Every structure is written in structure tokens, then in C-alpha cells.
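> Need coordinates for the following:
(2 chains)
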Amino acid sequence: MGKLYERLKLDYRFREGFNSCINCGTCTAICPAAEFYKYDPRLIVNTVQSQDDDEIEKLLKSDTIWYCGECMSCMTRCPRKNAPGLIVMALRNLSIEMGYYMESEKGRQQYVLTKDLCGSILKYGYCVYPRTFKYETHKEAGKVWKWEEEHLDDVYERLHANLDKNGPGAIRKIPKEDLDDVKRIFDVSGGTSRMQQVEEDGLEKAGELGLTEEEYSEKVNTECKIDHFNH
Amino acid sequence: MIYEGKKKIWSDYQKDIPDDHYFYVRSCIRQTFFPASEAAFLEITRNRLGKDVFETEHHTTCGGIAYHCDTIPQETSMTIIARQFALMHKYGYENFVCSCVTSFGLYCETLEAWREFPELKEKIAENLLKSCGLEFAVPKVLIHSSDLIYKYRNPIAALAKFKLVNKKTGKPLRVVEHIGCHYSKMFPSKGVGGAEYPYVLIGMIEAWGGEIIDYPERRHCCGFGFRQYFVQANRGYSLANTNKKFESMEPYNPDMIITNCPGCSYFMDKWQYVIAEMNHKTYGEDGHGIPVFTYEEVAGLVMGYDPWDLGLQTHLVGPEPVLDKIGIPYDSDAKYKGVNGKNIGKPEEVDCIK
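Just a heads-up that it's a prediction; the model follows:
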């Protein structure tokens, strides 16, 4: 039994999501990611079940663990009450802790995700916030969103929101003392150190590639090899 | 299977939904893209049904999207959640209702983990005290806001001005119901009807006169996939899964779609536009898409609220075909006006989808 497997066992999601896999493949049959990417959750669980550290290390360094969309459809259907989605979350967490995530294209995407989402939580108190959700990078939101973005205050007033104002309501300004609480939560629970680690890893990589921070963000946000896909 | 056995299975998926007194927390996605839906929820529950649904400005995101994009440790999301529960307790409530399906799933996951691993619960309580000085508490009842509208579906039907019926043919509108994955796929016993036969939206549609469509990919994910949307390079995953659902439902000629998850509402609306741009294909009648509604919007429509008060002007797929079928009046000139008829322009026209 290897040390990586022992590390996985410390994760509550792993303990909840991994009983014993009978390799039936039901998870793969139901998985939205398995149809789109070269992805097979059955094989992931099988590799973990082998407790072979070399194989687990390969998995942690691969794109494979980043293909899951965490819809958790697998959890409903597994006849042995495993949750491959939870196992994947534990693998991703360990991959980041070990620094292995920097060895895969999909893993390196953590840089932009962490910067954007954690940055938004700490600054505004929301994961998604309309003033930073730009039409330019979300053209699928269509010309309606472009119009909303150009007239945000008027549109949100019409829609009964309380955009950036005091008091309760949709997209209100969250009071500073509450944002301070959230910051302290990040500090005591490992959120801040996780953010710092991912930022440092990303900037180091950007330096190696001779890219500015902005160029590196653009690269990890848009780079996509063709061999991820099934078709 | 004998009838008694069936009754027992169904009873496992019934849910205790108290009639009144809730602490309400908002959804990052719903308040950003469907703020009028949250307003309709509070208007209907508080002002039309006279219920006590309390909100404080001090609550925040639950961190669910960041958690499911693997950007924050489990302990961080759990401590943010503990803070939400502590606020509920501080304001004297025991029943917790959340607007977001991702949050609902994460609250369920958190409570289950705390139940199973008491040492984790203690650690989070310590974190909470240390970071926020708040007393740890858990809700007596946790529900999603669609559960509450389900609970009130018959009182809403009694107040309704319209039914989900085609006024010309007299036939019920054909409705696709889409349940957000995190509502009950992780913890089936926490959702009305479980994961295989979730009844939360069916109950509303049947009470308000519509007819539910069954189709092969009914329970397939909308395709959000968290990181599969928030990273630009991954968005094909999200689009391909929505496309799969629409191809599957197309032969059944739905009039409309209702969802209980704000992310699903967003993706099933927006990706129809992208499919129309890319494949020149639309799934409704005469170049229209299939209108997608939140359950608050549908409740508001049957109760006679102005479609533009409900925010339907912000949908990419126009709701007009459904409004026309039901006979709901609307002022096209007022569609994109601001408060008090203020002129704030209108979106540029698109010619690939109506």
C-alpha cells in the first residue's frame, strides 16, 4: 500500500465515495464527461483500488482527472454506493497538494479558476458577479447580455435587484464585516494558502515560458489539445 | 412489485416541508442572471401567501461553484456553510431554504459528512468560532426553494389567473421538466420524489394545468460541469451535453421547459442560441427556440404577473410563443424599458433564433 493511497484516505470525500468497485462500468455509461472526453471513471476507480502508487501518481499528473464535470450522476447509479465524482474531487485535491496538477494542461487551468472565483468571493462575496461577467469572454450569453452589461444599473433596477446597494436583495453590496469574516474563514481553513500556492505555481510557470501574468492567464484559459476528445 | 412495496419506496422520497418560517439564502447564479425570479419567490411567498421568509444582507455565497471547480478545500466551503447556518440560528430560525441547487447539494453533502464524521464537525465549529465568533448550529429542516413552491402549488393554483393550457386548442401545454443534478442525484432521499422520479417540478406543472413530456435524455445533465464552463477552452463539454438533451427532446415537440436550477435555466437558454449560430438549427416552431423558464417565472406567469416584471426580457429565447398560447397579455413596446418606462435601448437583433 503506497503513500499516495494513504493520503487519499485522509480525504473525507474519498472515505465517503469509495467502498469497493466491482468494475461494472455503470458510472461510465451514465457519465456526461465519458461521452465527450477520453474519460472512463471506471478505470479511475480501478486504478485507485489497485493502491499502486506509481499508477496513482500517473493519474494525478494526467489530464484525465480534470475531465469530470462533478454532476454526480455516477453517485446515483453505482450499485455499490461508490461515488466516482467524490473520488475525483479527492484526487484533484491531492494533485494540487502534491503540485502534480502543473504537469497537465487541464490541471494548469486551476490558475485562472482560483484567481477568478476565489478573487470574486473575497472581493464581492459572490462566486459570480454581474460586473465581472463580461460579454466579450461569454459571447454565448448573447446580445441580450451585451445589452444588460451596457445598462447594468437600469436593467437590474427593472429586475428588482439591489445591485451594489446596502440592505438585503439580489446582488446587494455585502457589508465589509461579512467579507472580513469570509477572509478569516479562508485563512483558518486552508483557502488562503491554497490560493497562494496556485498563484505561485502559475507565476513560476509563466516565468519559465517567458509570459506575463496576463499572457499566461490567456494561455491556460484558451489552450486546448485536440486529443482530449472522443470524436 | 406489490403495491404496498411501491408505497413504501415512494414514502422514502417524501420530504418534510414545513409550512412557514424560513431563513432564505440567495444563489450567485440566480441573483446574477434571474434576479427577478428571486424577487418573484419572495413576493409570492411573503405577500401573496403571507409566509415568513426572512433574508439578511449578511449572508454570502456558499462557495459552491469555487468548491466544485476545486479551487477551495472542503474545509473552507464547510466553514462558509457553517457561517450561513449560524446566521440562521442567530436570527431565530430553524428552517433553511436556499435558492441554488448547487448550494442545496453542498449543504446536503456537508450535513451528511458532519453526521458521519463528528470530528470533522468539531473542526468546522472551531474554525467558525475562531474566524467569525459565531455559535455553531445546524438547521432542523433544509429545503430548496423549489420545494417550497411545490409545497404551495395548490394555493398558487387557487390564486392563478392563467393555466398552462393552449387557449386555442384547449390542450395542456407540453412541458419538459429539468431537475438540476445536485438536487437529488447525490442524496436521493433529500429531494421530493428522489433521483429517479423527482416530482418537485411535475407537481407544479400538473397543478397548473400542463402536461409533462418524458424523453430519453430527461435526466441527463444540462452540461454546466463547473470548470467545463468557467474555463473557455472547456466550454464544448457544456454545449455538447445541452445539444444532446435538445436532440433527444425534439421529437416530442415541447412547448416550454421548466427547471429548478438557475445554472440549467441559463445553459438551456443560452446554448440554444449557440446551436442556432453553429448548426443553423432551432428546436421550437417557426425559427423559435424552446422557451426556458425558472419555476418562479412559471408561478408568476400563472398568477398573472407582467412577463417583463418577471425578467423574461433577459432570456435569449423569446417567451412570446408560450405567452401567446396561454393568452397572457404583454406589451412588446415595454419589453426592454427600464423603471417608469425609461428608454435604455434594446439588444441588437439576432437572426438565427427567435
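> Run through the chain and note the low-pLDDT ranges.
Picked chain A for this. A:1-2 (pLDDT under 70).
> oops, I was thinking of chain B
Residues of chain B that meet the cut-off, pLDDT under 70, sit at B:1-3, B:6, B:9.
> Where do the strands of it begin and end?
All strands of chain B, identified by DSSP state E, fall at B:22-25, B:53-54, B:95-98, B:141-144, B:174-178, B:211-212, B:256-259, B:292-294.
> Need those in a markdown table (columns: distance to chain A and mean neighbour count).
Just so you know, the C-beta spots here come from the backbone N, C-alpha and C atoms, and that holds for glycine as well. Output for the strands of chain B, formatted as a markdown table (distance: least, Cβ to the nearest Cβ, whole Å; neighbours: other Cβ atoms under 10 Å in any protein chain shown):
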| stretch | distance to chain A | mean neighbour count |
| --- | --- | --- |
| strand B:22-25 | 9 | 25 |
| strand B:53-54 | 9 | 18 |
| strand B:95-98 | 14 | 25 |
| strand B:141-144 | 15 | 22 |
| strand B:174-178 | 13 | 23 |
| strand B:211-212 | 20 | 16 |
| strand B:256-259 | 14 | 26 |
| strand B:292-294 | 12 | 27 |
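> would you turn these into JSON lines with distance to A:Gly99?
Output for the strands of chain B, formatted as JSON lines (distance: least, Cβ to Cβ, whole Å):
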{"stretch": "strand B:22-25", "distance to A:Gly99": "35"}
{"stretch": "strand B:53-54", "distance to A:Gly99": "45"}
{"stretch": "strand B:95-98", "distance to A:Gly99": "35"}
{"stretch": "strand B:141-144", "distance to A:Gly99": "37"}
{"stretch": "strand B:174-178", "distance to A:Gly99": "39"}
{"stretch": "strand B:211-212", "distance to A:Gly99": "49"}
{"stretch": "strand B:256-259", "distance to A:Gly99": "39"}
{"stretch": "strand B:292-294", "distance to A:Gly99": "42"}
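> contacting residues around residue 209?
Going with chain A. A:Tyr216, A:Lys219 (Cβ atoms under 8 Å, 6 or more residues apart in numbering or on different chains).
> look at chain B instead
Counted by Cβ under 8 Å, 6+ apart, B:Gly209 has contacts B:Lys163, B:Leu164, B:Val165, B:Pro172, B:Leu173, B:Val302.
> just those now: which is nearest chain A?
B:Val302 (19.0 Å; Cβ to the nearest Cβ).
> burial of the residue lying closest to the closest one once chain neighbours are set aside, as a residue count?
Spatial nearest neighbour of B:Val302, excluding adjacent residues (Cβ to Cβ, 6 or more residues apart in numbering or on different chains): B:Ala160 at 4.3 Å. Around B:Ala160 sit 17 other residues, with neighbours defined as other Cβ atoms under 10 Å in any protein chain shown.
> do B:Cys222 as well
25.
> Which single residue in chain A comes nearest to chain B?
A:Gly69 (2.8 Å).
> which non-adjacent residue is nearest that residue?
Nearest non-adjacent residue to A:Gly69 (Cβ to Cβ, 6+ apart): B:Gly225, at 2.8 Å.
> so that neighbour touches A:Met72, yeah?
No - the criterion here is Cβ atoms under 8 Å, and B:Gly225 misses it with A:Met72 at 11.3 Å.
> Looking at these two, which is more packed in?
More crowded of B:Gly225 and A:Met72, by other Cβ under 10 Å: B:Gly225, with 28 against 24.
> quick one, phi/psi of that one?
phi 70, psi 10 (degrees, to the nearest 10).
> Which residues are in contact with it?
Taking Cβ under 8 Å, 6+ apart, one finds A:Pro32, A:Ala33, A:Gly69, A:Glu70, A:Cys71, B:Asn234, B:Tyr237, B:Ser238, B:Asn241 in contact with B:Gly225.
> State whether the fifth one is indeed within a helix.
So that's A:Cys71. No - per DSSP: H, G, I helix; E, B strand; the rest coil, A:Cys71 lies outside any helix segment and is coil.
> ok, back up a step: mark which of the contacts of B:Gly209 are part of helices, please.
Among the contacts of B:Gly209, the residues falling in helices (DSSP state H) are B:Val302.
> Just the buried ones from the contacts of B:Gly209?
Buried by 16 or more other Cβ atoms under 10 Å in any protein chain shown: B:Lys163, B:Leu164, B:Val165, B:Pro172, B:Leu173, B:Val302, out of these.
> Tell me which two of those residues sit farthest apart.
Maximum pairwise distance in those, criterion Cβ to Cβ, is 12.7 Å, between B:Pro172 and B:Val302.
> Can you give the domain ranges for the chain?
In the absence of a named chain, chain A is used. A:3-106, A:107-226 (automatic domain parsing).
> nope, chain B please
If you go by automatic domain parsing, chain B breaks into B:17-145, B:153-341.
> hmm, back to that, hey, which of the domains of chain A is tucked in deepest?
domain A:3-106 (a mean of 20; mean count of other Cβ atoms under 10 Å in any protein chain shown).
> What's the end-to-end length of that one?
For domain A:3-106, the first-to-last residue distance is 24 Å (Cα to Cα, to the nearest Å).
> picking that back up, and of the domains of chain A, who's closest to B:Gly327?
Nearest of the domains of chain A (Cβ to Cβ): domain A:107-226, 24.5 Å.
> Report the distance from the closest one to the chain centre.
Relative to its chain's centre, domain A:107-226 lies at 13 Å (Cα atoms, centre = their mean, to the nearest Å).
> For that domain, give the distance from the opening residue to the closing one.
16 Å.
> same question, stretch A:215-231
30 Å.
> from the contacts of B:Gly209, which single one is nearest B:Met78?
The nearest one, if we look at those relative to B:Met78 and count by Cβ to Cβ, is B:Val302, at 38.6 Å.
> which ones are touching the closest one?
Here B:Val302 is in contact with B:Ile156, B:Ala157, B:Ala160, B:Lys161, B:Phe162, B:Lys163, B:Leu164, B:Trp208, B:Gly209 (Cβ under 8 Å, 6+ apart).
> what separates it from B:Ile149, distance-wise?
Noted for B:Val302: a distance of 11 Å to B:Ile149, by Cβ to Cβ, to the nearest Å.
> Common neighbours of the two, please.
B:Ile156.
> which ones are touching the nearest residue in space to B:Val274 that is not next to it in sequence?
Nearest residue to B:Val274, sequence neighbours excluded (Cβ to Cβ, 6+ apart): A:Glu140, at 4.9 Å. A:Glu140 makes contact with B:Arg235, B:Leu239, B:Lys270, B:Trp271, B:Tyr273, B:Val274, according to Cβ under 8 Å, 6+ apart.
> Look at A:Glu140 and tell me its secondary structure.
Going by three-state DSSP: A:Glu140 is helix.
> residue in chain B nearest to chain A?
B:Gly225 (2.8 Å).
> Ok, which of the domains of chain A comes nearest B:Gln31?
Here domain A:107-226 is closest among the domains of chain A (Cβ to Cβ), at 3.8 Å.
> which parts of the stretch 251-354 of chain B sit against chain A?
Neighbours of chain A within the stretch 251-354 of chain B, by Cβ under 8 Å from any Cβ of the partner chain: B:270-271, B:273-274, B:308-309, B:311, B:313-316, B:336-339, B:342, B:344-350.
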